[in-house]
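Participant: Predicted structure and sequence below. I'll ask about it afterward.
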Amino acid sequence: MVNKHWETSLSKFMTKILRHTPEAFGVTLDPQDGSCPIEDLLKAVQTEPKWSHITADDIRGVVDRSEKQRFEIRAGRIRARYGHSHDKVQYERGTPPLILYHGTNERALPSIMEEGIRPMGRKYVHLSEGTQFAAMAGSRRGELVILQVRTREAAVAGVEFYYAGNEVWLAERIPADCCTLLAAD
């Protein structure tokens, strides 16, 4: 049986390394996709006494069971799919569905409706194809609100969209006039 608290804690530590401070742990990320060999991440994780016993299988388990699908493993390399604050990882430009969703909190709503959605300490705004992921992302810091983003209008306004995988889309910003508050059920 998997200890959910332990796994969540390890996931947060992996997030810190892969999304925010890889250099502090001696990890070099590929500038194109933000990946590194699993073995490099494992060595970095094991430098912390709390995680000295971690194996590559433990890391794979975190990736496989992550509800938010934060990580991806391909060909022996691991990367965070989104949420980077250290460098702008290259993503392939794409054409998203006509509507994407952004979860945020009620306090941020007036600013968003005036200035649009901005990345705030991250490199990109995170959007999702469904409301479930938007709700998970937006409910962390207060009363949840979900915005619908009209992507065709945003593209006409010059917004470029990038697909990060697992129904997550990224953009540098979203103009306010492309956003509508999703009515509560």
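Facilitator: Good, I have the coordinates. Bear in mind the structure is a predicted one, so any value in this text is a computation, not a measurement.
Participant: Which parts of the chain are strands?
Facilitator: Remark: strands assigned in the chain by DSSP state E are 35-37, 71-74, 77-80, 99-105, 125-128, 144-150, 162-165, 168-171, 179-181.
Participant: Residue 117: neighbour count?
Facilitator: Here the count is done by other C-beta atoms under 10 Å, and residue 117 has 24 residues near it. Where you see a C-beta, it was placed from the backbone N, CA and C, and this is true even at glycine.
Participant: before we move on, the earlier item: nearest to residue 15, of the strands of the chain?
Facilitator: Smallest distance to residue 15 across these (C-beta to C-beta): 6.5 Å, for strand 77-80.
Participant: how about the CA coordinates for the closest one, as PDB?
Facilitator: The C-alpha coordinates for strand 77-80 follow below in PDB (Å, rounded to 0.1, in the frame of the first residue of the first chain):
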ATOM      1  CA  ARG A  77      14.300  11.000 -18.900                       C
ATOM      2  CA  ILE A  78      11.900  12.800 -16.600                       C
ATOM      3  CA  ARG A  79      10.500  16.300 -16.800                       C
ATOM      4  CA  ALA A  80       7.900  18.500 -15.200                       C
END
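Participant: which other helices and strands contact the helix or strand bottoming out on mean pLDDT in the chain?
Facilitator: Least confident helix or strand, the chain: helix 131-138 with a mean of 79, by mean pLDDT, DSSP states H and E. Helices and strands touching helix 131-138, by 3 or more C-beta pairs under 8 Å, 6 or more residues apart in numbering; DSSP states H and E, are strand 99-105, strand 125-128, strand 144-150.
Participant: change it to 7 Å
Facilitator: On a contact count with 3 or more C-beta pairs under 7 Å, 6 or more residues apart in numbering; DSSP states H and E, helix 131-138 meets strand 99-105, strand 144-150.
Participant: Enumerate the positions of the longest helix along the chain that are buried.
Facilitator: Secondary structure of the chain per DSSP state H: the longest helix is helix 4-15. Residues of helix 4-15 classed as buried: 10-11, 13-15 (neighbour count, 16 or more other C-beta atoms under 10 Å).
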